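Enquirer: here is my input, please return the structure:
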Amino acid sequence: ADTERMARMIANANLIVTARKAHQLVGVSRALTDFAYCCYLSDLAVDRQYQGHGIGKRLIAETRRFAGPESMCLLLSAPDSIGFYKTIGMPQPDNAFLYKRER
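Expert: Below you'll find the model as predicted:
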């Protein structure tokens, strides 16, 4: 694992929402936002044993709530997660463009 890169990812996010069971972290949403116009929800993760209980959907809802009603919320799905976003009814735009990471 690239721990230095992960540390930068966390340090430079300005909206992190977590889901916990007691003191155990079971889900996280990591986003970049200006709290006024846009919110890029860059990472959404739920521990496998807690998936299927609405945690991911709630993390998205809370991320949107914190970003504010004036902010759109954009995310790029991992290929294996597309079905999840469709299942929860997240709108899928046809006007997005993307330069992929070079490394």
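
Enquirer: hey, where'd the helices end up in the protein?
Expert: 3-12, 55-67, 82-87 (DSSP state H).

Enquirer: tell me the most buried of those helices?
Expert: helix 55-67 (a mean of 18; mean count of other CB atoms under 10 Å). Heads up, the C-betas are built off the backbone N, CA and C, glycines and all.

Enquirer: circling back to that earlier point, quick one: which of the helices of the chain is nearest residue 29?
Expert: Closest approach to residue 29 among these is made by helix 55-67 (4.1 Å; CB to CB).

Enquirer: helices or strands up against the lowest-mean-pLDDT helix or strand in the chain?
Expert: Every helix and strand in the chain was compared by mean pLDDT, DSSP states H and E; the lowest is helix 3-12, with a mean of 92. Applying 3 or more CB pairs under 8 Å, 6 or more residues apart in numbering; DSSP states H and E, one finds that helix 3-12 contacts strand 24-33.

Enquirer: pull out the buried positions in the strand it packs on.
Expert: Neighbour-count burial for strand 24-33, counted by 16 or more other CB atoms under 10 Å, picks out 26, 27, 28, 29, 30, 31, 33.

Enquirer: the closest residue to residue 19 other than its chain neighbours: what's it in contact with?
Expert: Leaving aside its sequence neighbours, residue 19 sits nearest to residue 27 (CB to CB, 6 or more residues apart in numbering; 3.5 Å). Each residue near residue 27 by CB atoms under 8 Å, 6 or more residues apart in numbering is listed here: 18, 19, 44, 45, 46, 47, 50, 55, 56, 59.
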